Every structure is written in C-alpha cells, then in structure tokens.
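> Output the structure for:
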Amino acid sequence: MKSLILLAGALLALTALGCSRDATPPSTEQGPLLAESQAFDTAPVPQASVSPDYPEASRRAGDSGRTDVEVTIDAAGLVQNARVIRSSGHPELDDAAVAAALRWTFEPAQKEGQPVGCTVVLPFDFQLH
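As a prediction, this is how the structure comes out:
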C-alpha cells in the first residue's frame, strides 16, 4: 500500500484583523485556521515547508487523520513554538506534525514595513492510499 501524506496549507491562507491574504487553500473543507486575531499588513509566507514523516507504527495500524498545529513565528521568520490545537486522535501522528512544523521557516509578517511575529495554524492531513 502506497502511503501519501497530504500537507494541507503548504502555502498558507491567512485571514487576520485588518488583513486578508489568500494563497493556495488547504485541501480540507474547513479551510485555513486563524490562531488569534492579529493586525499585520502582510501575512507570513512559507519559505521552507517540511512534510511530516508518517510513523511506521501508524502506517501499520492504518491510522489517519488531521492534526492542526499552532505555530508562533518570530520577526525573523523562525518557528519558536508549536503545539497541537486539534488532534488527529493518534499521538504518533500529532507528534510527527509538531516535529515537521518546528522545521518550517517563513518570510515574516509585516506591519508598517517592519517584520513582526505572529501566530498561525498549519493543518496536516495524514492519509494512507
């Protein structure tokens, strides 16, 4: 059985207070998530997105699901913190999503021409095919 990890939101679609920027939307019906209302002029843009590894035990067990990971991005575009805000129901998948999210880098959000930190949510879909 061939495994495929779909990373929903490889390009973020973000909506924030005072700013609406849409990129390629995630491949889920729920769409992108906003971690908190934030004011910035330009949304962060992923520079390096990392797909999570599909844990072998999860693959053998047939586990699948979606994990939403809230990430805090600093003014340099680095992820400083990542935490699960919606579990797939499988801890191994959630851990893999957090590990991947911590390795993403971004062009930081901008407010009045200056880079600023922000918080966004990255949805990760784990599906076996």
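> from here on, contacts and neighbour counts on C-alpha atoms
OK.
> Let me see the ranges of the helices in this structure.
56-61, 91-101 (DSSP state H).
> Need these in a markdown table (columns: mean neighbour count).
Below are the helices of the chain laid out as a markdown table (neighbours: other CA atoms under 10 Å):
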| stretch | mean neighbour count |
| --- | --- |
| helix 56-61 | 12 |
| helix 91-101 | 21 |
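> Nearest approach to residue 41 belongs to which of the ones you listed?
helix 91-101 (23.5 Å; CA to CA).
> Can you list the neighbours in contact with the closest one?
Identification of contacts with helix 91-101 by CA atoms under 8 Å, 6 or more residues apart in numbering yields 49-55, 58, 64-65, 67, 69, 71, 79, 82-84, 87-88, 122, 124, 126.
> Now list the buried members of those residues.
49-52, 54, 58, 64, 67, 69, 71, 79, 82-84, 87-88, 122, 124, 126 (16 or more other CA atoms under 10 Å).
> list the contacts for residue 77?
By CA under 8 Å, 6+ apart, the neighbours of residue 77 are 44, 105-109, 117.
> What is the longest strand of this structure by residue count?
strand 118-128 (DSSP state E).
> Parallel or antiparallel, which strands does that strand pair with?
strand 3-6 (antiparallel), strand 65-73 (antiparallel) (DSSP bridges).
> Compare those strands and say which comes out lowest on pLDDT.
The minimum mean pLDDT among the strands paired with strand 118-128 belongs to strand 3-6 (a mean of 33).
> And for residue 121, the neighbour number?
Other residues within reach of residue 121, judged by other CA atoms under 10 Å, total 26.
> pLDDT score assigned to it?
94.
> which residues pair with it across the strands?
residue 70.
> Can you pull out the low-pLDDT segments for this structure?
Scanning the chain for pLDDT under 70 picks out the ranges 1-37.
> List the contacts of the closest residue to residue 71 other than its chain neighbours.
Distance criterion CA to CA, 6 or more residues apart in numbering; nearest residue to residue 71, sequence neighbours excluded, is residue 82 at 4.4 Å. Each residue near residue 82 by CA under 8 Å, 6+ apart is listed here: 69-72, 98, 101-102.
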